[in-house]
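>>> mind folding the following:
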Amino acid sequence: MTNESAKLTARTRTTSGKGAARQLRRSGQLPAVVYGRRDETESLALDTHELSRLLSKIHAATTVIDLEVDGGEPRPVLIREIQRHPYRPQLLHVDFFEIRADVKIRVQVPVHLVETPAGVEMGGMLQFLRHELEVECLPNEIPSGFEVDVSALEIGDSLHVSDVDAGRVAILDDETVTICTVVPPALEEEGEVDEEVGEEAEGEGEQAEAAGGEPEED
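The predicted structure is shown next:
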C-alpha cells in the first residue's frame, strides 16, 4: 500500500538560538529546518498543534508531505528527524528533506506481521527480529508498510527478507536477513531445568560440608 501525501503549512523563521527557540515554543510554534534541493538550509516555524495532529495520522518516516512555506507553492518533503523532550510529551524540533518526484530516494519502511503463526498456537514463541526494511523508490511509490502473513510458520520456521513481496519497490537489505522466527518453548524450559540442577548441586555440596567433608572433584 502506497502512502498518500499530507499537507502542512510553515513560515520562514528569521530568529535563531536556544532563547528564540524557547520563546517560539511558548507561543505554540515549533522551530524546524528544510534542506535538500536548495543551496542553503531554510529555517522555519510550524504550528505545533497542526504538526502533532498530522503525526498522529501518518507514519512520519514514509509519508510525503506537501509543505507550504509563506503561502507559496507546496514543496514535497519527508521528515528526516523529530527531536522530542527526553521525559515530557513535547516536540522540540523537526528536520524536513525536500525531494523531487522524479528522483528515487531511500527510506525505512515498517514491517507488520499479520495473523498468528501455527507454531505459536502449538506453544512456540514468535521472535520479531527486523521491524523495518530499507527501500529505494520514487517518492510516490513509498509503501506505508509491508504486511507479512505469518500464519503458516510452524515451530522452527523463519521468514526472511526474500519472502517479502515488495512489488516494484527495491528492498536494499540482504535477502537472507531473518525478519521473524518461531522458536520452541523448550528453549525456555531448558534454562529453568539447568538452573534447578545447579541449585541441587549446590545443595548437595552444602550437605557434604555439613558432614565434615568436601565435595569430590573429578
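
>>> beta partners of the closest residue to Val164 other than its chain neighbours?
Using CB to CB, 6 or more residues apart in numbering and skipping the chain neighbours, the partner closest in space to Val164 is Phe146 (5.3 Å). All C-beta spots, glycine's among them, are computed from the backbone N, C-alpha and C. Per DSSP bridges, the residues bridged to Phe146 are Val111.

>>> might one say that Phe146 is in contact with Leu113?
No - in this structure Phe146 lies outside contact range of Leu113 using CB atoms under 8 Å: 9.7 Å.

>>> those two - which one has more neighbours?
Using other CB atoms under 10 Å as the criterion, Phe146 and Leu113 rank with Phe146 on top: 22 against 19.

>>> so how far is Asp163 from the more buried one?
Distance check for Phe146 against Asp163: by CB to CB, to the nearest Å, it reads 10 Å.

>>> list the buried residues of stretch 170-184.
Of the residues in stretch 170-184, those buried by neighbour count under the rule 16 or more other CB atoms under 10 Å are Ile171, Asp173, Ile179, Cys180, Thr181, Val182, Val183.

>>> from the chain's centre, how far out does it sit?
Once both centres are worked out by CA atoms, centre = their mean, to the nearest Å, stretch 170-184 turns out to sit 16 Å from its chain's centre.

>>> got the end-to-end distance for it?
Distances were taken as CA to CA, to the nearest Å; on that basis the terminal residues of stretch 170-184 are 33 Å apart.

>>> what does that stretch rub up against?
Residues outside stretch 170-184 that contact it (CB atoms under 8 Å, 6 or more residues apart in numbering) are 106, 111, 113, 117, 119-120, 123-130, 133-137, 148, 150, 153-164.

>>> can I get the buried part of the residues you listed as one PyMOL selection?
Here is the PyMOL selection string for the buried members of those, based on 16+ other CB under 10 Å:
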select buried, resi 111+113+117+119+120+124+133+135+137+148+150+153+155+157+159+160+161+164
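
>>> now, the contacts of stretch 170-184 that are in strands?
Secondary-structure check on these using DSSP state E: residues within strands are 106, 111, 113, 125-128, 133-137, 148, 158-160.
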